[in-house]
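Engineer: predicted model and sequence follow; I will ask about them next.
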Amino acid sequence: EVQLEQSGAEVKKPGDSLKISCKGSGYTFASYWIGWVRRMPGKGLEWMGIIYPGDSDTRYSPSIQGLVTISADKSINTAYLQWSSLKASDAAMYYCARLLRSGSYDAFDIWGQGTLVIVSS
Amino acid sequence: DIQMTQSPSSLSASVGDRVTITCQASQDISKYLNWYQQKPGKVPKLLIYYASNLQTGVSSRFSGSGSGTDFSFTISSLQPEDVATYYCQHYDNLLITFGQGTRLEIK
């Protein structure tokens, strides 16, 4: 079964660092782009960025660039999203998702279960 | 940057109703548009890709149409299990943009 398994919920303080993970199984992890999408409380889905684990080629949303770091370790089929210094406004549910690419379409076909990040002093 | 404007932001309809959500792009995006459903407390699910193609295993009650700047998503006969937020999503060379979402409720 193709699936993405995300790390568990996190409770952090402003200024803390954090790295959450997304582990793929049931397919060739290195051959599919993995995206990160967040949903802040009361808001809609927001695309943050995407990485190709095969060569770690990474693209960021212009609004997110510089605020987070996306990385991957293809040897353990895992992608990461990390912050060096969390803000209260980073509190959200974070999803990873596999990007299915064809000649004419790209779509997130498999999603992780989500990682809830709470940031509170 | 291409902006995606989704409407309405919320919608209440009766079981059996035909429901339509629209998504407008700020410039021509061909058919590079997908639709997702996110039920309360659940993970987003791909319903429609490349504007009008039904994802495998998705009910044929759902359909999509459009090209260029104007797109629509339709539920032919609303069911209680369709309560969710629906999002359009544009993609262009690995730059991805979601619409603001449409929250659908049962009247």
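Structural biologist: Good, I have the coordinates. Numbering: from 1, shown residues only, chains lettered A, B, ... in the order given.
Engineer: going by C-alpha atoms from here, please, whenever you check contacts or count neighbours.
Structural biologist: Noted.
Engineer: for stretch B:90-106, measure first residue to last.
Structural biologist: Criterion Cα to Cα, to the nearest Å; first-to-last residue distance in stretch B:90-106 is 27 Å.
Engineer: now swap in stretch A:55-73 and tell me
Structural biologist: 10 Å.
Engineer: any low-confidence regions in the chain?
Structural biologist: Picked chain A for this. Under the criterion pLDDT under 70, no range of chain A is flagged.
Engineer: which residues are in contact with A:Val2?
Structural biologist: A:Gly24, A:Ser25, A:Gly26, A:Tyr27, A:Ile110 (Cα atoms under 8 Å, 6 or more residues apart in numbering or on different chains).
Engineer: any idea which helix or strand carries the first one?
Structural biologist: Counting by DSSP states H and E, the secondary-structure element that holds A:Gly24 is strand A:18-25.
Engineer: packing partners of that strand?
Structural biologist: Applying 3 or more Cα pairs under 8 Å, 6 or more residues apart in numbering or on different chains; DSSP states H and E, one finds that strand A:18-25 contacts strand A:3-6, strand A:78-83.
Engineer: using CSV, write out every CA atom in that strand.
Structural biologist: Extracted in CSV, the C-alpha atoms of strand A:18-25 (Å, rounded to 0.1, in the frame of the first residue of the first chain):
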residue,chain,number,x,y,z
LEU,A,18,11.4,22.0,15.1
LYS,A,19,11.8,19.3,12.4
ILE,A,20,8.8,17.2,11.4
SER,A,21,9.0,14.2,9.1
CYS,A,22,7.1,12.4,6.4
LYS,A,23,8.1,8.8,5.6
GLY,A,24,7.0,7.1,2.4
SER,A,25,6.4,3.4,1.8
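Engineer: sheet-wise, list the partners of the next helix or strand after it with their directions.
Structural biologist: The helix or strand immediately downstream of strand A:18-25 is strand A:33-39, counting by DSSP H and E. Its sheet considered, strand A:33-39 pairs with strand A:45-52 (antiparallel), strand A:92-101 (antiparallel) by DSSP bridges.
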